[in-house]
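Provided below are the primary sequence and the corresponding predicted coordinates.
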Amino acid sequence: MPRFVRHLLLILLPVVVIFAILPGIYSNHLLLFNFIIFMTLAQGINVIYGFTGYLPFGYVGFFGAGAYGFSLMALHLHTPPLVALPVGAAAAVALALLLTPLFRLAGAYFSIANLAAALALLQVVSNPNLENITKGPYGISLSGVFNPTLSYATALAILALTLGLVIYLRNSHFGMALKAIREDPISAGMAGINVVRERIIAWLLSALIAGFAGGVFAWNVSVFYPETVFNVEFTIFAIVFALFGGNATVTGPILGVVILYGIYNAVGISTPQYFQLLYGLLIMGLVLFLPNGLVSLLQRWGIDVP
Amino acid sequence: MFTYSLMAGVLFGLYFTLIGLGLNLVFGVMRIVNLAHGDFLMLGAFLAFWLFTLFAVNPVPAVAIAFVAFVIVGLPLYYLLVPRLLRAKDPEMLSFILFFGLSQVIEAVTTIAFGTSERSIPGDQLGRAIAAVAGVFVGHKVETGPVELLGQTFPAAWVASGIVSGFAVLLVYLYLYRTRLGYLTRAVMDNRDEAIATGIDVHRISAVAFGIGLGLAAAAGVFAPFMLGSITPAMGAEVTVTSFAVIVIGSLGNPLGTVLGGVIYGISYMFMQSYYSSWANLLPYVLLIAILLVRPSGLLGRRVRRA
């Protein structure tokens, strides 16, 4: 059996089945939905940071663009949600295309400029002058299309597609080329890889994932403010989850979300400051002592982690 | 209106320079991004608040106290965190995450200790400091109140913050360009590997730079209640973003660029406030992206780093 198919069966299938069954057993559907969203976002970060080494600190901008693209279609043109969703994702991809010049910047410059772009978009969307279009800072209410069951299923489908994409990257020439670019762009170029094109494809794919996640998030919660969907914590949580598990693997980010987001929901809601303290210490310890994530423990013993 | 905005912009610009300077020093010397910079500023603000509330210390001397206190905090913190971080494969990116963790810890501890209520220092305190200094020069007692500069009236707090910030920036310049330690610091900024090869104790230099970076943040924090609004444990994140805008405009790793960045930022901020106030919040971000796209390494950047 090829590795690609084996990974689909061993990783993607169990995750999807578990999340399909859980709503019948566990009653907090919103929490399960958030798990799906964060798994999707962590994998989206994985596509761009894990495979290309560019850390998009403004990743939430694509999430917000997706949410607003979806909502404005549903609000003004009354399109059905399943049609509005691709439009939201397209908005995120359009934003990513607009931001491609940022790839001229290296390292920290890229991350900061990307963050600035996301915050700029937040300022535009939440500006009271645009109240007629975006509802400004007063938030969006989509009670007309509210449908928790269908949006949950859609979110799960998006997660499945995302996982499929990451499994493909992990087992394909394309993914290998991206990792080569990450390690040494000049050598990769000499080996015949079109550095600029491959990098931008990864960037657009990553934005597409966040756009879909944002759209389906808007659909599921259906009432939200600009600060909700442009909250930088989405970026940071997704980065930390992906990093904690292990970048450039399929299982790492899944593991990271299950463990860390699990802890967050166990401690974080009741005593936020103590959780924040614990979380900060955990992140620092992670970077200092385990910079390649949990899966690197296994990799150190020579086990190939998918 | 025009002159007023321009001058207020310069005063704010000097203050923004002070905010960004420490962050830039740390990046320039260690090539790491201190995402907790704004939180050290917040701690400096709290220090000034308690010094004033408990011992009635005027904010101006509190600047020196905050600076020294946080240099002392910075030295051990450097040895605790940075050498280990620099051994990793991609320290520049990992530093984002490490210092994000640190910022969470600081914010959480401050919240646990002081709660989330907003605090401030009476605005006339800085006016008194100015009046006292002016009184020494003029030779008689001077009234406290708004300060008049070139026919324009400004709150005394703005003028005092601007002047003290300018003075602090001058001291950093003298340190970097007129002392032996500063000379070595610039050598490390220029080329870390060659500095090691020359026999410079890079860790000692970096530790001092790290301490000074935190000290400058804390010193800037003393004026935060007057320039940025009231003090809360959560104020750090926004300050960090502002200081990034300032130092990236000037160019990362170049302390003189920060002065340029700060003043440009301050002036454009004030003009936006005066003429297009509803869109003023958009400014730092747009300015940042626009300048980066035209000059990928900031206004005073010397070369484009690897593609």
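Right, received. Where do you want to start?

now the closest residue to chain B within the stretch 101-250 of chain A: which helix or strand?
Residue of the stretch 101-250 of chain A nearest chain B, by Cβ to the nearest Cβ: A:Ala120 (3.7 Å). (Each C-beta comes from the backbone N, C-alpha and C, glycine too.) Taking DSSP states H and E as the definition, one finds A:Ala120 inside helix A:107-125.

helix or strand next in line after that helix, which one?
Immediately after helix A:107-125, counting by DSSP H and E, sits helix A:131-134.

off-centre distance for that following helix?
Distance of helix A:131-134 from the chain centroid (Cα atoms, centre = their mean, to the nearest Å) equals 27 Å.

buried residues, it. List them.
By neighbour count on 16 or more other Cβ atoms under 10 Å in any protein chain shown, the buried set for helix A:131-134 is A:Thr134.

stretch B:49-69 too?
Under the neighbour-count criterion of 16+ other Cβ under 10 Å, stretch B:49-69 has B:49, B:51-52, B:57-60, B:62-63, B:65-67, B:69 buried.

now tabulate those in CSV and tack on distance to B:Thr240 and secondary structure.
As requested, the buried residues of stretch B:49-69 are exported to CSV (distance: Cβ to Cβ, whole Å; DSSP: H, G, I helix; E, B strand; the rest coil):
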residue, distance to B:Thr240, secondary structure
B:Phe49, 20, helix
B:Leu51, 24, helix
B:Phe52, 25, helix
B:Val57, 27, coil
B:Asn58, 28, coil
B:Pro59, 22, helix
B:Val60, 25, helix
B:Ala62, 22, helix
B:Val63, 20, helix
B:Ile65, 23, helix
B:Ala66, 18, helix
B:Phe67, 19, helix
B:Ala69, 20, helix
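
nearest to chain A, of the residues you listed?
Nearest to chain A among the buried residues of stretch B:49-69: B:Phe49, at 19.5 Å, using Cβ to the nearest Cβ.

what about A:Tyr138, neighbour count?
Neighbour count for A:Tyr138, taken as other Cβ atoms under 10 Å in any protein chain shown: 12.

so what's it scoring on pLDDT?
We have a pLDDT of 85 for A:Tyr138.

and if you look at A:Ala118?
With respect to pLDDT, A:Ala118 has a value of 91.

quick one: residues contacting it.
Residues in contact with A:Ala118 (Cβ atoms under 8 Å, 6 or more residues apart in numbering or on different chains) are A:57-61, A:64, A:230, A:232, A:235.

what do you get for B:Phe16?
Listed by Cβ under 8 Å, 6+ apart, the contact set of B:Phe16 reads B:242-243, B:246, B:261-263, B:265-266, B:269.

if we can go back for a sec, mind giving me the PyMOL select for the contacts of A:Ala118, buried ones only?
A single PyMOL command selects the buried members of the contacts of A:Ala118 (16+ other Cβ under 10 Å):
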select buried, chain A and resi 57+58+59+60+61+64+230+232+235
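
would you point out the most distant pair within the contacts of A:Ala118?
A:Phe57 and A:Gly64 (13.9 Å; Cβ to Cβ).

other residues contacting stretch A:9-28?
A:29, A:32, A:35-36, A:39, A:152, A:156, A:159-160, A:163-164, A:167, A:250-251, A:254, A:306.

give the burial count for B:Ser117, as a bare number.
Residues lying near B:Ser117 (other Cβ under 10 Å) number 9.

show the contacting residues for it.
B:Thr232.

make it 10 Å
Listed by Cβ atoms under 10 Å, 6 or more residues apart in numbering or on different chains, the contact partners of B:Ser117 are B:230-233.

kindly report the same for B:Phe244.
By Cβ under 10 Å, 6+ apart, B:Phe244 lies in contact with A:57, A:108, A:111-113, A:115-116, B:20, B:23-24, B:27, B:33, B:35, B:37-38, B:252, B:284, B:288.

okay, now the unreliable bits of chain A?
A:1, A:268-269 (pLDDT under 70).

for it, what's the longest helix?
For chain A, the helix that runs over the most residues, judged by DSSP state H, is helix A:195-221.

so what does the strand or helix carrying A:Gly285 touch, helix or strand wise?
Using DSSP H and E, A:Gly285 sits in helix A:272-289. Judged by 3 or more Cβ pairs under 10 Å, 6 or more residues apart in numbering or on different chains; DSSP states H and E, helix A:272-289 is in contact with helix A:232-245, helix A:262-263, helix B:59-86, helix B:91-114.

list of residues touching the shortest one?
It refers to helix A:262-263. A:31, A:35, A:275, A:278-279, A:282.

buried subset of those residues as a ChimeraX selection?
For the buried members of the contacts of helix A:262-263, the matching ChimeraX selection, counting by 16+ other Cβ under 10 Å, is:
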select /A:35,275,278,279,282
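
one step back: the inter-axis angle of the helix holding A:Gly285 versus helix B:91-114?
Going by axes from the mean of the first three to the mean of the last three Cα atoms, to 10 degrees, helix A:272-289 is angled at 150 degrees with respect to helix B:91-114.

quick check: what element follows helix A:272-289 along the chain?
As assigned by DSSP H and E, the chain's next helix or strand after helix A:272-289 is helix A:295-300.

skip the chain neighbours and tell me the closest residue to B:Ala218.
Distances taken as Cβ to Cβ, 6 or more residues apart in numbering or on different chains put B:Gly44 closest to B:Ala218, at 3.0 Å, once the chain neighbours are dropped.

do B:Leu260 as well
Distances taken as Cβ to Cβ, 6+ apart put B:Gly250 closest to B:Leu260, at 4.9 Å, once the chain neighbours are dropped.

make sure B:Ile121 is actually in contact with B:Leu47.
No: contact criterion Cβ atoms under 10 Å: B:Ile121 and B:Leu47 do not qualify, at 11.4 Å.

overlap in contacts of these two?
What both B:Ile121 and B:Leu47 touch, as defined by Cβ under 10 Å, 6+ apart, is the set B:62, B:222.

quick one: which of the two has more around it?
Remark: of B:Ile121 and B:Leu47, B:Ile121 carries more neighbours, 24 against 20, as counted by other Cβ under 10 Å.

get me the contact residues on the stretch 201-306 of chain A for chain B.
Neighbours of chain B within the stretch 201-306 of chain A, by Cβ under 10 Å from any Cβ of the partner chain: A:232-233, A:236, A:239-240, A:243-244, A:271-289, A:291-292.

one more time with 6 Å, if that's ok
The stretch 201-306 of chain A has residues A:273, A:276-277, A:279-280, A:283-284, A:287-288, A:291 near chain B, with proximity defined as Cβ under 6 Å from any Cβ of the partner chain.
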